[in-house]
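> Dropping the sequence and predicted coords here.
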Amino acid sequence: MQPAAEAQADFLPINGTDHVEFYVGNARQAAHFYRSAFGMRLVAYAGPETGVRDRASYVLEQDRIRFVLSSALRAGHPIAEHALRHGDGVRNIALWVDDAESAWRETTGRGARPVRQPEALRDAYGEVKIAAIGAYGDTIHSFIERRDYRGTFLPGYVRVDAEDTVARPVGLRHIDHMVANVELGQMNHWVRFYEQVMGFRLYQTFD
């Protein structure tokens, strides 16, 4: 029998939700909606003006919540295909970790589908390490390690410093939970995925 401490060792320590990225048909319009309706503040941007040629992405924040809204700049792009298939929706639930490579190695070693091998992204503000695995449907989990980064969001994004006259915060503080709508008959499969592959523990059910 394993010692209790060893049996309960956390092979995937998660500090919290780093960000949630939505693939949308019109990122600029979606960003305006979240700013005007929910009071989120525009803090960073990536697009043609910053050297990113295939998409436009707006980063919005309120307290500890960070949303990224991305849309494609050409037909046939994976972002455009995702939006065509699902409508505006979540693509990436990114998790803040201390060691992205270890998180990727531990989860893929337990059967997760690798989507993005660990890599380091760098700019003048430092380095971010990122990796990703597949989850239910077309949703992925990225592992974000940003201990050596001082920038606003990620390399490739520029800070938006202008005063946001649209945003009036409504008091949102953090992401409490997320709901995954999985394929019919596959609930137990994905429960096992989060238990065995990601080390989660079931604590409540609604039947």
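Yep, it's here. Numbers count the residues shown, from 1 in each chain.

> Which helix or strand lies directly C-terminal to the helix or strand of the chain with the lowest mean pLDDT?
Lowest on mean pLDDT, DSSP states H and E among the helices and strands of the chain sits helix 4-7, with a mean of 48. Once the chain leaves helix 4-7, the next helix or strand it forms, by DSSP states H and E, is strand 16-23.

> tell me which residues in the following helix or strand past that following strand are buried?
Proceeding C-terminally, strand 16-23 gives way to helix 27-38 as the next helix or strand, assigned by DSSP H and E. For helix 27-38, the buried set under the neighbour-count rule, 16 or more other CB atoms under 10 Å, comprises 27, 30, 31, 34, 35, 38. Bear in mind the C-beta positions are built from the backbone N, C-alpha and C, glycine included.

> Helices of this protein, residue ranges please.
Applying DSSP state H to the chain gives helices spanning 4-7, 27-38, 78-86, 100-109, 187-192.

> which ones are touching the residue positioned nearest the centre of the chain?
Nearest to the mean C-alpha position of the chain, counting by CA atoms, centre = their mean, stands residue 94 at 2.7 Å. Taking CB atoms under 8 Å, 6 or more residues apart in numbering, we find residue 94 in contact with 17, 18, 19, 20, 21, 141, 142, 143, 144.

> how about low-confidence regions in the protein?
Across the chain, the ranges flagged by pLDDT under 70 are 1-8.

> ranges for the strands of it?
With strands called from DSSP state E, the chain shows them at 16-23, 41-46, 55-62, 65-72, 89-96, 114-123, 126-134, 140-145, 158-159.

> Just send those back as TSV, with distance to residue 189 too.
Rendered in TSV, the data for these read as follows (distance: least, CB to CB, whole Å):
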stretch	distance to residue 189
strand 16-23	23
strand 41-46	35
strand 55-62	32
strand 65-72	28
strand 89-96	18
strand 114-123	18
strand 126-134	13
strand 140-145	16
strand 158-159	41
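
> out of those strands, nearest to residue 186?
Minimum separation from residue 186 across those (CB to CB) falls at strand 126-134, 13.9 Å.

> Contacts for the closest one, please.
Outside strand 126-134, the residues within contact range by CB under 8 Å, 6+ apart are 92, 100-101, 103-104, 107-108, 112-122, 140-146, 148-151, 154-155.
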